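1. need a structure here:
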Amino acid sequence: MSQSRFQVPGPVGRMLSLLPPYPGSFLFATALNLVLKRSLPADVLQSLHGKRLRIKVIDAQLAFDFQWTNAGFSACGSGSAPDLLIGASAHDFVLLARRQEDPDTLFFSRRLIMEGDTELGLLVKNTLDAIELPPFEPAQLAPARVFGRLRAGLRRN
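-> Residues are numbered from 1 along each chain as shown. I've put the predicted structure just below:
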């Protein structure tokens, strides 16, 4: 891979680890509902029902706990062990979301971890691979004028 790998600095990760987990999980579940809810087949939703999943951003020391209910994805407390944990660095999650890296490649190079119910892990991976989503572009999240000002400020330095 020719790209340089970004890593969340240790002090930033330690600071992020102090945040309460539920609000982040709530925002993550809300984002999943906006992006994925309508794209998931009924048999996948049935298999996900009641399963607790955790996405762990290792270098940022953040974890998002959620589950599928009849109403959609919802945040859960981090008190009990998840059925499936998927972990990677922030950089590797962005590469996955932008479809610039394959999950199998990251898994076999030990940059993506999956713990727990392996059958559930394969279901999640295969389902995400089958969904036609546009690649994640962070620039689409910020209003154009804010992103433009940020880019202009970076050019001056």
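2. got the phi and psi for the closest residue to A88 other than its chain neighbours?
-> Excluding the flanking residues, the one nearest A88 by CB to CB, 6 or more residues apart in numbering is L112, at 4.7 Å. Glycine gets a C-beta too; all of them are placed from N, C-alpha and C. For L112, the backbone dihedrals (degrees, to the nearest 10) come out as phi -130, psi 130.
3. how many residues are close by L112?
-> 23 (other CB atoms under 10 Å).
4. for P23, same thing?
-> Neighbourhood size, P23 [other CB under 10 Å]: 10.
5. so which strand or helix has it?
-> helix 21-35 (DSSP states H and E).
6. what sits up against that helix?
-> Taking contacts as CB atoms under 8 Å, 6 or more residues apart in numbering, the residues outside helix 21-35 that touch it are 55, 62-66, 72-78, 133.
7. and the next helix or strand after it, how far out from the chain's middle?
-> Using DSSP H and E, the next helix or strand after helix 21-35 towards the C-terminus is helix 42-48. On the basis of CA atoms, centre = their mean, to the nearest Å, helix 42-48 is displaced by 19 Å from the centre of the chain it belongs to.
8. give the buried residues for helix 42-48.
-> V44, S47, L48 (16 or more other CB atoms under 10 Å).
9. need the contact list for the second one.
-> If I follow you right, that is S47. L120, L123 are the contacts of S47 under CB under 8 Å, 6+ apart.
10. adding distance to F107, write the buried residues of helix 42-48 out as TSV.
-> Formatted as TSV, these follow (distance: CB to CB, whole Å):
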residue	distance to F107
V44	20
S47	20
L48	20
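11. isn't S74 right up against Q67?
-> Yes - shown here, S74 and Q67 form a contact pair, counting by CB atoms under 8 Å, at 6.2 Å.
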